[in-house]
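>>> Here is my input; please provide its structure:
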Amino acid sequence: MHIGKRIREVLDQSGHNVSWLAAQIGSERSNVYNIFRRDNIDSELLCHISVAMGHDFFADLSAEFAERLAAAEADCVGDGEPAEGTEPPATPGGEH
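Here you go, the predicted model:
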């Protein structure tokens, strides 16, 4: 996820403008435009923006992480071998 683009998207959906966000976070409009260009952001700044906008950007990032993790796990299991740390399924009737 490009966090700057996501912030811009949520700002546009909110009906607020760049000047409003700049005032909320105690910054200049030019700094807000710089934030929109960032693909990563300091967690403290993201927290400040999240509170100001009333949107949990950390949840957005966590959802993307969960999707990526699930895809990676599916790729690892897709080779016919059990994923590391898992036991193969039990055979009916049990083998001794």
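>>> show me the contacts for the nearest residue to His2 once chain neighbours are set aside.
Leaving aside its chain neighbours, His2 sits nearest to Asp39 (4.8 Å; criterion: C-beta to C-beta, 6 or more residues apart in numbering). Every C-beta, even on glycine, is put in place using the N, C-alpha and C of the backbone. Residues counted as contacts of Asp39 (C-beta atoms under 8 Å, 6 or more residues apart in numbering) are His2, Ile3, Gly4.
>>> neighbours around the second one, how many?
The number of residues packed around Ile3, counting by other C-beta atoms under 10 Å, is 19.
>>> I figured it was touching Asn40, is that so?
Yes - between Ile3 and Asn40 there is a contact at 6.3 Å, judged by C-beta atoms under 8 Å.
>>> Contact partners for Leu11?
Going by C-beta under 8 Å, 6+ apart, the list of residues near Leu11 reads Asn17, Val18, Leu21, Met53.
>>> how close does the last one get to Ala72?
Distance check for Met53 against Ala72: by C-beta to C-beta, to the nearest Å, it reads 30 Å.
>>> what do you get for Gly26?
39 Å.
>>> now swap in Ser27 and tell me
Between Ser27 and Ala72 the computed distance is 36 Å (C-beta to C-beta).
>>> Looking at the two, which is more packed in?
Higher neighbour count among Ser27 and Ala72: Ser27, with 16 against 10, using other C-beta under 10 Å.
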